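> Structure, please.
(one chain, ligands or ions: 1)
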Amino acid sequence: MELLTELTEKALRREPLTREEALAVLATPDEEVLDVVAAGHRVRRHYFGNRVKVNYLVNLKSGLCPEDCTYCSQRVGSAAEILKYSWLKPDAAVAAASAGIERGAKRVCLVGSGRGPSDRDVRRVAETISELKRTYPDVEVCACFGLLSDGQAGQLKEAGADAYNHNLNTADSHYADICSTHEYADRVDTVRQAKQAGLSPCSGLIAGMGETDEELVDVLFALRELDVDSVPVNFLIPIEGTPLDQRWSLTPQRCLRILAMVRLVFPDVEVRIAGGREIHLRSLQPMALYLANSLFLGDYLTSEGQDGDLDVRMIEDLGFVVEGAGEPTLPEHRRDLVKVRKRGAGTDLPANA
Ligand code: SF4
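As a prediction, the model looks like this:
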């Protein structure tokens with residue numbers, strides 16, 4: 001496969017793939033899926049070795065959201081029989097996080113449903129973040145509370161958050177089909193705000209929502225433009241009671257091609273297999289780790305994942321190792337790209353001029 005060799009070499013040199021090249025990866029036939037995985041794996045191994053970063057989700061507030069994202073079981077009017085509860089107290093959140101940390105999670109993702117946090121919510125989660133950091137100083141904390149208003153990203157950073165997650169989910173051109181209560185541009189703005197505040201930007205997509213190949217490439221290229229540090233790749237979980245509950249369009253091979261394309265577009269960025277990996281990749285699930293260098297352990301926000309034991313065993317069976325708390329995830333050239341300004345206007349220090 002001359003094309004795949006060419007794209008692998010390009011990715012190893014960190015040369016950006018073109019739209020046509022990304023589309024060509026998606027267009028490869030099922031019988032060539034092993035070649036596609038091998039191409040992406042060369043890049044994954046080059047930048048991330050045999051390490052797998054384990055992340056753990058804690059849903060601090062579940063359900064009861066006024067927004068109408070069609071893929072989401074927590075949306076307004078959702079008939080999905082999910083757990084519904086308001087903000088967990090800091091001690092309950094830390095207890096929930098400890099289950100994942102003890103299995104090797106180096107990042108805890110604290111999530112809360114809703115359009116975006118009120119200032120009171122931010123104060124509340126700031127307490128939880130501080131408590132988690134006091135208990136587990138080495139653990140990375142990623143906050144995920146929806147659209148941010150001015151100043152909130154800075155408050156989360158001050159409380160000790162390391163990263164902020166807000167997924168673009170799908171292309172601008174497809175966004176109105178999946179949500180009517182906020183816009184794609186709102187999401188882009190939040191990713192930018194997080195980054196400006198010095199939080200590591202984490203933003204990804206959901207595949208399988210009726211998007212075209214072009215739209216998948218669009219959202220990926222928009223994420224590349226935002227220069228995110230981590231890209232969670234979700235495969236739609238068609239939860240009963242949501243508008244997309246009959247949308248089963250993905251095959252294991254298609255999921256692998258998507259992951260390979262993401263890896264080749266983001267050679268040195270954390271690529272995480274997220275929701276839906278078990279039900280869509282099925283028995284091919286371990287192959288996804290030849291492409292992604294990161295996963296969520298255990299359960300998702302409102303649905304159950306496979307047993308944490310199986311996740312750990314899958315990593316070991318592949319000959320991979322769980323990345324340690326002290327080990328940096330990103331290759332050296334990508335670290336510390338975002339530095340919060342601490343000089344010039346508003347400080348006593350001279351400006352950089
Ligand atoms: S994705 Fe977020 S904003 Fe959209 S309905 Fe679900 S919880 Fe609400």
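> hey, let's count contacts and neighbours off CA atoms from now on
Noted.
> Would you agree Leu259 is in contact with Ser294?
No - Leu259 is beyond contact range of Ser294, at 11.9 Å (criterion: C-alpha atoms under 8 Å).
> pLDDT weak spots in the chain?
336-347 (pLDDT under 70).
> so the residue nearest to the spatial centre of the chain is in which element?
With distances taken as C-alpha atoms, centre = their mean, Pro232 lies nearest the centre of the chain, 2.6 Å away. Assessed by DSSP states H and E, Pro232 sits inside strand 230-235.
> Residues contacting the helix or strand following that strand, please?
Using DSSP H and E, the next helix or strand after strand 230-235 towards the C-terminus is helix 252-265. Defining contact as C-alpha atoms under 8 Å, 6 or more residues apart in numbering, one finds that helix 252-265 is touched by 7-8, 11, 16-17, 22, 25-26, 28, 30, 33, 36-37, 39-40, 43-44, 220, 224, 233, 235, 271, 280-282, 284-285, 287-288, 291-292.
> Point out the other elements, helices or strands, that the lengthiest strand in the chain touches.
With secondary structure taken from DSSP state E, the chain has its longest strand at strand 51-61. Packed against strand 51-61 by the contact rule (3 or more C-alpha pairs under 8 Å, 6 or more residues apart in numbering; DSSP states H and E) you find helix 90-102, strand 107-112, strand 294-296, strand 321-322.
> wait, which of these is closest to Leu132?
Nearest of those to Leu132, taken as C-alpha to C-alpha: helix 90-102 at 5.6 Å.
> for the ligand, what are the nearby residues on the stretch 101-250 of the chain?
By C-alpha under 6 Å from any ligand atom, the residues of the stretch 101-250 of the chain that approach the ligand are Ser113, Gly114, Arg115.
> my guess is the second one meets Pro66, correct?
It refers to Gly114. Yes - with contact defined as C-alpha under 8 Å, Gly114 counts as touching Pro66 (6.5 Å).
> So if I had to pick from these two, which one is more boxed in?
Between Gly114 and Pro66, Gly114 has the larger neighbour count (other C-alpha atoms under 10 Å), namely 20 against 14.
> before we move on, which element is the residue lying closest to that one once chain neighbours are set aside in?
Of all residues not flanking Gly114 in the chain, Cys65 sits nearest, at 4.6 Å (C-alpha to C-alpha, 6 or more residues apart in numbering). Following DSSP H and E, one finds Cys65 outside all helices and strands.
> so what's the residue in the stretch 201-350 of the chain positioned nearest to the ligand up against?
Residue nearest to the ligand within the stretch 201-350 of the chain (C-alpha to the nearest ligand atom): Leu301, separated by 9.6 Å. Leu301 makes contact with Leu57, Val58, Asn59, Ser62 under the criterion C-alpha under 8 Å, 6+ apart.
> From Arg187, how far off is the residue of the stretch 101-250 of the chain found nearest the ligand?
Using C-alpha to the nearest ligand atom, the closest approach of the stretch 101-250 of the chain to the ligand is made by Ser113 at 3.9 Å. Distance of Ser113 to Arg187, given as C-alpha to C-alpha, to the nearest Å: 15 Å.
> out of those two, which sits in the busier spot?
Between Ser113 and Arg187, counted using other C-alpha under 10 Å, Ser113 has the larger neighbour count: 23 against 19.
> Just the strands from the chain, written as ranges.
Going by DSSP E, the chain shows strands at 51-61, 107-112, 140-144, 163-165, 200-202, 205-207, 230-235, 270-273, 294-296, 321-322.
> can you give me how far the second one is from the chain middle?
Right, the one you point to is strand 107-112. Put simply, strand 107-112 sits 11 Å off its chain's centre (C-alpha atoms, centre = their mean, to the nearest Å).
> now for it, which elements pack on it?
Using 3+ C-alpha pairs under 8 Å, 6+ apart, the elements in contact with strand 107-112 are strand 51-61, helix 90-102, strand 140-144.
> Just want the angle from the first one to helix 90-102.
What that stands for is strand 51-61. 160 degrees (axes from the mean of the first three to the mean of the last three C-alpha atoms, to 10 degrees).
> Show residues contacting strand 51-61.
By C-alpha under 8 Å, 6+ apart, the list of residues contacting strand 51-61 reads 84-88, 93, 96-97, 100-101, 104-113, 289, 293-301, 315, 320-324, 329.
> try 7 Å
Strand 51-61 has contacts (C-alpha atoms under 7 Å, 6 or more residues apart in numbering) with 85-88, 93, 96-97, 100, 104-113, 293-297, 300-301, 320-323.
> ok, now which ones touch Val233?
Val233 neighbours (C-alpha under 7 Å, 6+ apart): Gly204, Leu205, Ile206, Arg272, Ile273, Ala274.
> would you list the residues you listed in CSV and tack on neighbour count?
Compiled in CSV, the contacts of Val233 are given as follows (neighbours: other C-alpha atoms under 10 Å):
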residue, neighbour count
Gly204, 25
Leu205, 22
Ile206, 22
Arg272, 27
Ile273, 24
Ala274, 24
